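1. What follows is a protein structure lacking sequence information:
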């Protein structure tokens, strides 16, 4: 799948390389999320590091810190990822 929004070069966006490292470090400390890479959504938001930081904080809360049962979290994730209903 090709990204519609080209990913930014971390060397060209101030603070982005450091933010990517912070995200990877946060994921390293979580056994439930073994993927150490920044997601494609995160890379797309890399054009605005402030937006990426807020998105990452919300994602971390929903996936790792909320009291929502796992089944409902997964259902919400699937629904959010699904195409709109006709």
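-> Structure's in. What do you need? What you see is a predicted model; the values in this text were computed from it and never measured.
2. Check what pLDDT residue 14 gets.
-> pLDDT, residue 14: 93.
3. before we move on, what SS does it have?
-> coil (DSSP: H, G, I helix; E, B strand; the rest coil).
4. In space, what's closest to it - neighbours in sequence excluded?
-> residue 49 (7.6 Å; C-beta to C-beta, 6 or more residues apart in numbering). Quick note: C-beta positions are derived from backbone N, CA and C, even for glycine.
5. which ones are touching that neighbour?
-> 13-16, 19 (C-beta atoms under 8 Å, 6 or more residues apart in numbering).
6. What segments of this protein are helices?
-> 16-28, 40-45, 49-60, 70-81 (DSSP state H).
7. Export the ones you listed as CSV, with columns for distance to residue 9.
-> Shown next, in CSV, are these (distance: least, C-beta to C-beta, whole Å):
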stretch, distance to residue 9
helix 16-28, 8
helix 40-45, 11
helix 49-60, 13
helix 70-81, 27
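8. Looking at these, spot the one closest to residue 6.
-> Of all those, the one in closest proximity to residue 6, counting by C-beta to C-beta, is helix 40-45 (8.7 Å).
9. Which residues does that closest one contact?
-> Contacts for helix 40-45 (C-beta under 8 Å, 6+ apart): 3, 5, 7-8, 23, 51-52, 55-56.
10. Show the buried residues in those.
-> Among the contacts of helix 40-45, those classed as buried by 16 or more other C-beta atoms under 10 Å are 8, 23, 52, 55-56.
11. that older thread, can you tell me how far the residue nearest to residue 14 sits from residue 79?
-> 28 Å (C-beta to C-beta, to the nearest Å).
12. can you check residue 24 too?
-> From residue 24 to residue 79 the distance is 28 Å (C-beta to C-beta).
13. Sounds good, over and out.
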